[in-house]
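Q: Provided below are the primary sequence and the corresponding predicted coordinates.
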Amino acid sequence: MANRRSSRHRPGTPARAPARALALAVVLATTACGTSTPDDAGGDTIDGSITVFAAASLKDSFTELAGAFEQAYPGTEVSLNFAGSSDLVTQITEGAPADVLASADAATMGKAGDAGLLAGEPVDFASNTLQLAVPADNPAGITSLADAAGPGVKTVVCAVQVPCGAAAARVEQAAGVDLMPVSEESSVTDVLGKVTSGEADAGLVYVTDVRAAGDAVRGIEVPEAAAAVTTYPVAALADSADPATAQAFVDFASGPSARAVLGAAGFGAP
Amino acid sequence: MGLTFAASLADRGFDVSFELAAGETLAVLGPNGAGKSTLLNLVAGLLAPTAGRAHLDGAVLFDAGAGRRVLTEPRHRGVALLAQEALLFPHLTALENVAFGPRSRGDHRAAARTSALRWLERVGAEDLARRRPAQLSGGQAQRVAIARALAADPALLLLDEPLAALDVAVAPAVRALLRDVLAGRSAIIVTHDPLDAFLLADRVLILDGGRIVESGATAEVLTRPVTAFGARLAGLNLLPGRATAAGFTADNGLVAPSAEVFPTGRRLALTVRPGSVSVSRTTTAPAGVSGLEVEIDDVEHRGDVVRVHGAGLAADVTPATVVALGIAPGTRLFVGFRREDASIYPL
Amino acid sequence: MNTAVLPRWVVALAVVGGLFVVLPLVAMALRVDWPRFVPLVTSDSAQAALLLSLRTSLTATALCVLVGVPMALVLARTSFRGQRLVRSLVLLPLVLPPVVGGIALLYTFGRRGLLGSSLDALGVDIAFSTTAVVMSQAFVALPFLVLSLEGALRSVGTRYEAVGATLGAGRWTVLRRITLPLVLPALVSGAVLSFARALGEFGATLTFAGSLQGTTRTLPLEVYLQRETDPDAAVALSLVLVVVAVAVVGVAHRVRPLGSGTPAPPRVQNRAR
């Protein structure tokens, strides 16, 4: 478990952005007067500690969701571990103690299912779309995917071996554009890093990454990205020590209250 | 022509000046830390003086002082250094080591090899030409080092205790070789061993505390030393004193008549060999003998004699005498010598 | 093995330490999919990565020798104000996380870096090029060469050089015919270690150079990427890297540190004869 980074969210931690604060308020409100109360979930009580393995792109959203979940279900504690989706599956396969897996693509979740790691069917809870990220001053004057494929333009994408690279390949195909990237990074954060540092003129990243990067980059809509919408599934894991709490978190993350938080981060509906 | 040298080095308290005639060999002696190596390093250019000037055969070695600072690089000084260790370049063969100087001077490879071979023959090491330094014995390595220094055709050869690291069995042969190659060559040899000075040098310079305390022709210094160190090198007792009405009165009270008459109060020295000094239980000096009663402060065994020290005088006596007189540190004895065995000269 | 001279627990701890290093390598070798090993390590992408790695590491090593030898000479043979500080700074990449090195290089040679605009004006574009890979590797490998060579220069001392100078050799001749031959073994082992370090470089390359097959994707980056989809390929390529590293370390140890050896004292030799 080399790159396990757990962060325990404590209730009452001040939210960083006003949008998040608002989203959190919405979550609490909807949870408080929602139709399903925590106690209907079944025989088992929901007050245990769980560990959620989530894709790196979910870091901000899930940190917030974990806090909301702990407030909605007093007595629960949620530990979070963020990494690339395939790393997470490798870690779980090698016996890392996890209760819930939220991956950034269906294929990786499928692998977990094939390996018999899941307790039930995964539920799609969010979607993400690619966007072109360019440095704030857009030195290459890029307005479309075709511009990013222009001569002399340094465009960076994910390698096709990782989900964001597979999605990028589908977008290129749909648009009939060959990007001729100068680098094929092994993670979307590396692509974003090349753009924020100004090394690259453009990079294909997720909308949520552009949103999270703030003023450092500008996002340019790519219509063809609709051809490669990534869905995020979440599932409880077979080896969970507290299946009831794990399932409650899955329901929570895919429920209407979580939508507001995810939507604020740029995620689309599943 | 030859070497003129005057230099001071403030932080080492070194201040020495001397001259060396062309073809002359100078032995530099002195206790540890006297400044002997400093002197060689200054001449070789491995150390820069605070002030001073030196010329070798008319060329400036250094000229430093207020407002001037000329320091000729070591390679342009025409000075070769032979150290205690041979310091042959370990990655080169004996022949390549010897050829290094000629090559550096610009000789072509073949010419350098030829002269290197000639020098190896000169030192009797031609059969070692292809060996690496690791395959040479200490004596062999030093021979090659001598050839290497000479092959550079130096105007002045510096030798820093060249025999000190050699086996006693090997040293005499190398000393003989040095005596041979140093004849008629300008050289400065730093040594601890007076034998080197006797056999190799025309002149002797004795350093102490960074200053010259004694200098002169080897024979002169060894027969009429004026310092305790010089006397020890020469194997003599040295009693400093002054001219008095009685002739000579040593600082320790000993009185001896002097054949030569000196003005009263003149500083004089009396020297006498320890072998000529005798000890007895008498209290008055026999006729023709100068001496005084002293307290013995040291007794040392030296080969077949015992050397007895007291009041700055050493006497060599037989072990039988030691037993017969019951000599031990603290014993009071009469120590004296026959007047004709001593020499008295001005300091 | 004679262990009588040591307390048993010292030996036991040493064995534990040895296993700690060796066991993971064995475990990895056990995971190798041997029937597919050859196809895995000879795939197009693997070959491209291996060739790129060898090419860039050799270039980086040459670069290290070119500037590292003068650096070691200056550090070992001169004294100047702030020398200790300079030495510490030069050795910094040794202890710095490589990704930090990559970020530092980015802010120096990147398009928006300290020298980026000047380089741009000269028509030099380092971003995403093989040059960037070589620079990343040289940055992390340089201290190995400087460190081993400086140590050798200090232990050899200046006495042979002084003898050479009094024999009439100029500075360049002394350097070429005396100093460098004396420290040659240390130079070779330093260069070999630099090569090994360059070959294994990952973090700085990832940060500074990017990752494109045949241009910037070296073997470690290929391993990292293959791990996503084909762990078997990653393991096979890792083994290739381990084998290369073992060979390199073996060579470095084989080179006897002649440079530090002054001839044995003559007396001892005499008595031995």
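A: Nice, I can see it.
Q: residue of the stretch 101-250 of chain C closest to chain A, please.
A: Ranked by C-beta to the nearest C-beta, the top residue of the stretch 101-250 of chain C for proximity to chain A is C:Gly210, at 2.9 Å. Just so you know, the C-beta spots here come from the backbone N, C-alpha and C atoms, and that holds for glycine as well.
Q: and if you look at the stretch 201-347 of chain B?
A: Closest point on the stretch 201-347 of chain B to chain A, by C-beta to the nearest C-beta, is B:Gly210, at 64.1 Å.
Q: now do the strands in chain A.
A: A:6-8, A:49-55, A:77-83, A:100-102, A:123-128, A:130-135, A:155-158, A:183-185, A:202-206, A:217-220, A:230-236 (DSSP state E).
Q: and stretch B:133-144, average pLDDT?
A: Average pLDDT, stretch B:133-144: 92.
Q: got it, and stretch B:182-195?
A: Stretch B:182-195 comes out with an average pLDDT of 88.
Q: distance check, the nearest residue to B:Thr50 once chain neighbours are set aside against chain A.
A: Nearest non-adjacent residue to B:Thr50, counting by C-beta to C-beta, 6 or more residues apart in numbering or on different chains: B:Ala10, 4.4 Å away. Remark: distance between B:Ala10 and chain A (C-beta to the nearest C-beta, to the nearest Å) = 57 Å.
Q: tell me what the residue of the stretch 151-270 of chain A found nearest chain C is bridged to.
A: Per C-beta to the nearest C-beta, A:Ser183 is where the stretch 151-270 of chain A lies closest to chain C, at 2.9 Å. On DSSP bridges, the residues paired with A:Ser183 through beta bridges are A:Val156.
Q: show me what contacts it?
A: A:Val156, A:Val157, A:Lys194, A:Ala200, C:Phe128, C:Ala209, C:Gly210, C:Ser211, C:Leu212, C:Thr216 (C-beta atoms under 8 Å, 6 or more residues apart in numbering or on different chains).
Q: who in the stretch 51-200 of chain C is up against chain A?
A: Within the stretch 51-200 of chain C, the positions adjacent to chain A are C:Leu106, C:Gly110, C:Arg111, C:Arg112, C:Ala127, C:Phe128 by C-beta under 8 Å from any C-beta of the partner chain.
Q: CSV for those, including secondary structure, pLDDT and distance to B:Glu96?
A: CSV is the format used below for these (DSSP: H, G, I helix; E, B strand; the rest coil; pLDDT from 0 to 100; distance: C-beta to C-beta, whole Å):
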residue, secondary structure, pLDDT, distance to B:Glu96
C:Leu106, helix, 88, 50
C:Gly110, coil, 86, 51
C:Arg111, coil, 84, 53
C:Arg112, coil, 84, 55
C:Ala127, coil, 81, 51
C:Phe128, coil, 87, 51
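Q: of all these, which comes closest to chain B?
A: For those, the residue nearest chain B by C-beta to the nearest C-beta is C:Leu106; the value is 43.4 Å.
Q: per-residue confidence for the nearest residue in space to the closest one that is not next to it in sequence?
A: Once flanking residues are discounted, C:Leu106 sits nearest to C:Phe208: 5.2 Å by C-beta to C-beta, 6+ apart. You'll see C:Phe208 listed with a pLDDT of 89.
Q: tell me which element the residue nearest the centre of chain C falls in.
A: Most central in chain C under C-alpha atoms, centre = their mean is C:Ser194, positioned 1.6 Å from the mean C-alpha point. In this assignment (DSSP states H and E), C:Ser194 forms part of helix C:184-200.
Q: need the CA coordinates for that helix. CSV is fine.
A: The C-alpha trace of helix C:184-200 is given here as CSV (Å, rounded to 0.1, in the frame of the first residue of the first chain):
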residue,chain,number,x,y,z
LEU,C,184,40.9,6.5,-13.5
PRO,C,185,39.4,3.6,-11.5
ALA,C,186,37.3,6.0,-9.5
LEU,C,187,36.3,7.8,-12.6
VAL,C,188,35.1,4.6,-14.2
SER,C,189,33.2,3.4,-11.1
GLY,C,190,31.7,6.9,-10.7
ALA,C,191,30.6,6.9,-14.3
VAL,C,192,29.1,3.4,-14.0
LEU,C,193,27.2,4.5,-10.9
SER,C,194,26.0,7.6,-12.7
PHE,C,195,24.9,5.5,-15.6
ALA,C,196,22.9,3.3,-13.2
ARG,C,197,21.3,6.2,-11.6
ALA,C,198,20.4,7.7,-14.9
LEU,C,199,18.9,4.5,-16.1
GLY,C,200,16.7,4.3,-13.0
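Q: remind me what that helix packs against, helices and strands.
A: Helix C:184-200 is packed against helix C:44-77, helix C:130-156, helix C:231-254, with contacts defined by 3 or more C-beta pairs under 8 Å, 6 or more residues apart in numbering or on different chains; DSSP states H and E.
Q: okay, buried residues for the longest one please.
A: So that's helix C:44-77. C:45-46, C:48-50, C:52-54, C:56-57, C:59-61, C:63-65, C:68-69, C:71-76 (16 or more other C-beta atoms under 10 Å in any protein chain shown).
Q: helices of the stretch 151-270 of chain A, residue ranges please.
A: Secondary structure of the stretch 151-270 of chain A (DSSP state H, counting those that start in this stretch): helices at A:163-175, A:188-196, A:207-213, A:243-254, A:256-264.
Q: show me where chain C dips below the pLDDT cut-off.
A: Counting by pLDDT under 70, the ranges of chain C that qualify are C:1-4, C:255-273.
Q: was I right to think C:Asp125 contacts C:Gly116?
A: No. Counting by C-beta atoms under 8 Å, C:Asp125 does not reach C:Gly116; the two are 9.5 Å apart.
Q: more crowded one of those two?
A: Taking neighbours as other C-beta atoms under 10 Å in any protein chain shown, C:Asp125 and C:Gly116 compare with C:Gly116 leading, 21 against 15.
Q: OK, contacts around the more buried one?
A: C:Gly116 is in contact with C:Thr108, C:Phe109, C:Gly110, counting by C-beta under 8 Å, 6+ apart.
Q: out of these, which are close to chain B?
A: Okay, of those, nothing touches chain B (C-beta under 8 Å from any C-beta).
Q: one step back: check what pLDDT the residue of the stretch 151-270 of chain A closest to chain C gets.
A: Looking at A:Ser183, its pLDDT stands at 93.
Q: quick one: stretch A:116-135 near chain C?
A: No. Judged by C-beta under 8 Å from any C-beta, stretch A:116-135 stays clear of chain C, getting no closer than 8.6 Å.
Q: start and end of that stretch, how far apart?
A: Using C-alpha to C-alpha, to the nearest Å, one end of stretch A:116-135 lies 43 Å from the other.
Q: state the pLDDT value of A:Val222.
A: Looking at A:Val222, the pLDDT reads 90.
Q: let me know whether it touches A:Leu145 as I believe.
A: Yes. Under the criterion of C-beta under 8 Å, A:Val222 makes contact with A:Leu145 at 5.1 Å.
Q: which residues do the two both contact?
A: Common contacts of A:Val222 and A:Leu145 (C-beta under 8 Å, 6+ apart): A:Leu132, A:Val171, A:Ala175.
Q: among these, name the buried ones.
A: Listed as buried from these are A:Leu132, A:Val171, A:Ala175; burial here means 16+ other C-beta under 10 Å.
Q: burial count for the residue lying closest to the first one once chain neighbours are set aside?
A: Nearest non-adjacent residue to A:Leu132, counting by C-beta to C-beta, 6+ apart: A:Ile220, 4.2 Å away. By other C-beta under 10 Å, the residues close to A:Ile220 number 18.
Q: what about B:Asp180, how many residues nearby?
A: By other C-beta under 10 Å, the residues close to B:Asp180 number 11.
Q: is the helix or strand harbouring it in proximity to chain C?
A: Using DSSP H and E, B:Asp180 maps to helix B:171-182. No. If you take C-beta under 8 Å from any C-beta as the test, helix B:171-182 misses chain C, and the best it gets is 10.9 Å.
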